[in-house]
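J.: Following is a predicted model, sequence given first.
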Amino acid sequence: MITKEEVGHVAHLARLHFNEVEQEKFTSQLNDILMYIDRLNKVDTPDIQPTTHAISLNNAFRDDVVKESLGRDLALTNAPDEKESCFRVPKVIE
Amino acid sequence: MELNRLTIHELQEMIKAGKTTSSAIVESACNRIDAVEDKVNSYITLLSDSALKEAEEADEEIKKGNIKVLTGIPIAVKDIMCTKGVRTTCGSKILHNYIPPYDSTVVKKLREAGAIFIGKTNMDEFAMGSSTETSYFGITRNPWDLERIPGGSSGGSAAAVAADECIASLGSDTGGSIRQPAAMCGVVGFKPTYGRVSRFGLIAFASSLDQIGPFTKDVEDCAILMNVIAGYDPMDSTSVPMEVPDYRKYIAKGIDGWTIGIPKEYFIEGIDPEVSDAVKGAMGVMEKLGAQCIEVSLPHSEYCVAVYYVVAPAEASSNLARYDGVRYGLRSEFKEGDGLLEMYKKTRSEGFGAEVKRRIMIGTYALSSGYYDAYYKKASQVRTLIKRDFEEAFRKCDVVLTPTVPAPAFKIGEKTDDPLQMYLSDIFTLSANLAGIPGISVPCGYTKSGLPIGLQLLAGHFEEGKLIQAASAYEKHSKIEIRRPEI
């Protein structure tokens, strides 16, 4: 069981904020989903290798060649706030 | 003649014979959009004006004899694929103003093949959903019954093809998001093998499961689009450097002597009797074509939904961490004195909808300290067993045949308050994504109330050709009445 307090902690880790009502609702919905997921414990998996990729892939190496890239101006076109060719954010250091 | 109702290959023949023009085709699609779009809402962004202009350019090329495989054909693209200079929202408020500075590889390939882009289609926010009800840009309605959902998450792409608002479209499939809406809207939907089609420029949901594929009016069109979009791309290091066959060669080859596996776990209690009857009818057609249907077992099927709802949210929680209001997309208003952390939290809480937040929460929890082994590792181990089930089954059969969805399209609002019920509507499609194998949904009949029913075929890794072969043989001989939705 996940508690309302734990939901608050996970929300902080995920950089989300919930009000009281939302937190209440999410706690109950997450518990339903986690209870459903618990059925995985019925499967015995002592020596089974986890699959993180369905197709076996090797490292994709390539030569280190300089190619054309997006460029600073294009990369900044969607910025909510920018100054002197940089993304601008609220003050981080006092 | 209503050109917008025709297939790519029919229109291509007419263009080559000088019997029609790209302008006429695009105009007919635009007229249809004008007539039905306010009821269906297939699109987030319409590109009618630029499409008509591109059509004129295409007609110039046609006059010169420069006819490529998609020259002059209006195609719609799910709003999860980046289009240079055209807003790409992923169905979310957090990207409502995002204009990509580059094209996704599939869009680039369509462009190079001569396609005309007619619009960006509606979808569940970040492709998380089975009904296209979670989009920030409103719900999409099923053209066959406007009170019902079109399926999801690529509901807009499916509805646009079903309602003849385009000739074909692209969607993305992470747990059934192409095959499930294709079944519910009565069109062909194809999910290629993981790694067959480049994901470069596809906005990431669950990177080990996501795959792009076509929605079309018949199987031949599906082969045509696969020929255009499949192949290795150095920009996506998970795409596979393997030769791509000409998928059109698999059309009309027949399936005499084939073995078709019927997984006993997929004909469960609770499956709609009309769906079950239609799929059993399809098995009869396959046998008449010379194939043999045998029972196979996929014993870990009952765990697919649970595995998926750990793996997909875990990957999503990591992928969606990039939406922080710094480089692109929404940035919420914040007070003087609020720090960076407050800006992140306000932006993400305002920008994401409830289902996306729910999945970010599940994923963050499953990956958080102390829970990793119990959830992510466990689910990934069971994923191995699901994959092995298929390897075992494909030793005995060429393709596996199942219903695509346990029931026809449900009513709008029916499952929105019960996320778990919503997740269970993907019960037959999730396994292909977990195993990385290709799958196709083809229409196999209608319910008494006139809703389309879909048949799913699955094959081993990189056996897309087999799916085209079996699906086209079935399509040709099933004698299913061709209907059009009345809107």
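T.: On my side now, so go ahead. Numbers count the residues shown, from 1 in each chain, chains lettered A, B, ... in the order given.
J.: In contact with whichever residue of chain A sits closest to chain B, which residues are there?
T.: Of all residues in chain A, the one sitting closest to chain B is A:Ala54 (2.4 Å; CB to the nearest CB). The way it works is simple: take the backbone N, C-alpha and C, and place the C-beta from them, glycine included. Contact analysis of A:Ala54 by CB atoms under 8 Å, 6 or more residues apart in numbering or on different chains lists B:Tyr194, B:Ser208, B:Lys387, B:Asn433, B:Leu434, B:Ala435, B:Gly436, B:Ile437, B:His461.
J.: next one: B:Ile116
T.: Going by CB under 8 Å, 6+ apart, B:Ile116 touches B:Ser22, B:Val26, B:Ala51, B:Glu54, B:Ala55, B:Ala58, B:Gly72, B:Ile73, B:Pro74, B:Ile75.
J.: residue ranges with poor pLDDT in the chain?
T.: Because you didn't say which chain, this covers chain A. Chain A contains residues with pLDDT under 70 at A:94.
J.: Show me the helices in it, by range?
T.: Using DSSP state H, the helices of chain A run over residues A:4-13, A:20-37, A:72-75.
J.: In CSV, list those along with distance to chain B and mean neighbour count.
T.: Shown next, in CSV, are the helices of chain A (distance: least, CB to the nearest CB, whole Å; neighbours: other CB atoms under 10 Å in any protein chain shown):
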stretch, distance to chain B, mean neighbour count
helix A:4-13, 5, 16
helix A:20-37, 5, 16
helix A:72-75, 4, 11
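J.: The ones you listed: which one's closest to B:Val326?
T.: helix A:72-75 (12.1 Å; CB to CB).
J.: Mind giving me the packing neighbours of the closest one?
T.: Helices and strands touching helix A:72-75, by 3 or more CB pairs under 8 Å, 6 or more residues apart in numbering or on different chains; DSSP states H and E: there are none.
J.: who's in contact with that helix?
T.: Applying CB under 8 Å, 6+ apart, the set of residues contacting helix A:72-75 from outside is A:Ser85, B:Pro101, B:Arg327.
J.: Then stretch B:376-392?
T.: Counting by CB under 8 Å, 6+ apart, residues outside stretch B:376-392 touching it are A:37, A:40-41, A:43, A:45, A:48-52, A:54, B:297-301, B:303-304, B:306-307, B:310-311, B:314, B:366-367, B:400, B:431, B:434-437, B:458, B:460.
J.: Give me the buried entries from those residues.
T.: A:37, A:40, A:43, A:45, A:48, A:51, A:54, B:298, B:300-301, B:303-304, B:306-307, B:310-311, B:314, B:366-367, B:400, B:431, B:434-437, B:458, B:460 (16 or more other CB atoms under 10 Å in any protein chain shown).
J.: Next up, the contacts around residue 26.
T.: Since you didn't name a chain, this refers to chain A. If you count contacts by CB under 8 Å, 6+ apart, A:Phe26 has them with A:Val7, A:Phe18, B:Lys357, B:Arg358, B:Met361.
J.: You answered for a different chain; I wanted chain B.
T.: Contacts for B:Val26 (CB under 8 Å, 6+ apart) come out as B:Ala51, B:Leu52, B:Glu54, B:Ala55, B:Gly72, B:Pro74, B:Ile116, B:Ile118.
J.: what about the residue in the stretch 101-250 of chain B that chain A sits nearest to, how many neighbours?
T.: Closest residue of the stretch 101-250 of chain B to chain A, CB to the nearest CB: B:Ser237 (3.7 Å). Using other CB atoms under 10 Å in any protein chain shown, B:Ser237 has 15 neighbouring residues.
J.: Leaving out chain neighbours, which residue sits closest to it?
T.: In space, and not counting its chain neighbours, B:Ser237 is closest to A:Ala60: 3.7 Å by CB to CB, 6 or more residues apart in numbering or on different chains.
J.: these two touch, right, the one you found and B:Ser239?
T.: No. Between A:Ala60 and B:Ser239 there is no contact, the gap being 9.1 Å when judged by CB atoms under 8 Å.
J.: Test my guess that B:Asn433 contacts B:Ser172.
T.: No. Between B:Asn433 and B:Ser172 there is no contact under CB under 8 Å: 10.8 Å.
J.: what's the overlap in contacts for these two?
T.: With CB under 8 Å, 6+ apart as the test, B:Asn433 and B:Ser172 both reach B:Gln211.
J.: Near chain A, which residues of the stretch 201-350 of chain B are found?
T.: B:208, B:234, B:237-238, B:240, B:300, B:302-303, B:305-307, B:309-310, B:317, B:321, B:324-331, B:334, B:338-346, B:348-349 (CB under 8 Å from any CB of the partner chain).
J.: Neighbours of residue 64, how many?
T.: Just going to use chain A. A:Asp64: 5 surrounding residues under other CB under 10 Å.
J.: wait, I meant chain B there
T.: Neighbourhood size, B:Lys64 [other CB under 10 Å]: 8.
J.: any idea how far it is from B:Ala58?
T.: As judged by CB to CB, to the nearest Å, B:Lys64 and B:Ala58 stand 11 Å apart.
J.: List the contacts of B:Gly329.
T.: Counting by CB under 8 Å, 6+ apart, B:Gly329 touches A:Asn78, A:Pro80, B:Ile94, B:Leu95, B:His96, B:Asn97, B:Tyr98, B:Tyr323, B:Gly351.
J.: Please tell me which one of those residues counts the most neighbours.
T.: Busiest of the contacts of B:Gly329 [other CB under 10 Å] is B:Ile94, holding 27 neighbours.
J.: Surely it is in a helix?
T.: Yes. Assessed by DSSP: H, G, I helix; E, B strand; the rest coil, B:Ile94 belongs to a helix.
J.: does it really touch B:Phe352, like I thought?
T.: Yes. The pair B:Ile94 / B:Phe352 is scored as a contact, 6.0 Å apart, by CB under 8 Å.
J.: sorry, back to before: count of residues packed around the residue nearest to B:Ser237?
T.: 11.
J.: That one and B:Tyr232: what is the separation?
T.: A:Ala60 is 10 Å from B:Tyr232, by CB to CB.
J.: Give me the residue at the spatial middle of the chain.
T.: In the absence of a named chain, chain A is used. Nearest to the centroid of the C-alpha atoms of chain A, with distances taken as CA atoms, centre = their mean, sits A:Ala14, at 7.1 Å.
J.: oops, I was thinking of chain B
T.: By CA atoms, centre = their mean, the most central residue of chain B is B:Ile178, 2.2 Å off.
J.: So that one is in contact with B:Asp210, correct?
T.: No. Judged on CB under 8 Å, B:Ile178 makes no contact with B:Asp210 at a distance of 10.9 Å.
J.: anything in contact with each of those two?
T.: B:Ser172.
J.: Identify the spatial nearest neighbour of the closest residue to chain A within the stretch 301-450 of chain B, chain neighbours not counted.
T.: Using CB to the nearest CB, the single residue of the stretch 301-450 of chain B nearest to chain A is B:Gly436, 2.4 Å away. Of all residues not flanking B:Gly436 in the chain, A:Ala54 sits nearest, at 2.4 Å (CB to CB, 6+ apart).
J.: where's that neighbour relative to B:Tyr375, distance?
T.: 19 Å.
J.: Likewise for A:Thr45?
T.: Taken as CB to CB, the span from A:Thr45 to B:Tyr375 is 13 Å.
J.: quick check, nearest of the contacts of A:Phe26 to B:Leu289?
T.: Nearest to B:Leu289 among the contacts of A:Phe26, with distances taken as CB to CB, is B:Arg358, at 44.5 Å.
J.: quick one: B:Ala459 and B:Lys466 touch, right?
T.: Yes. B:Ala459 is within contact range of B:Lys466, at 4.6 Å (criterion: CB under 8 Å).
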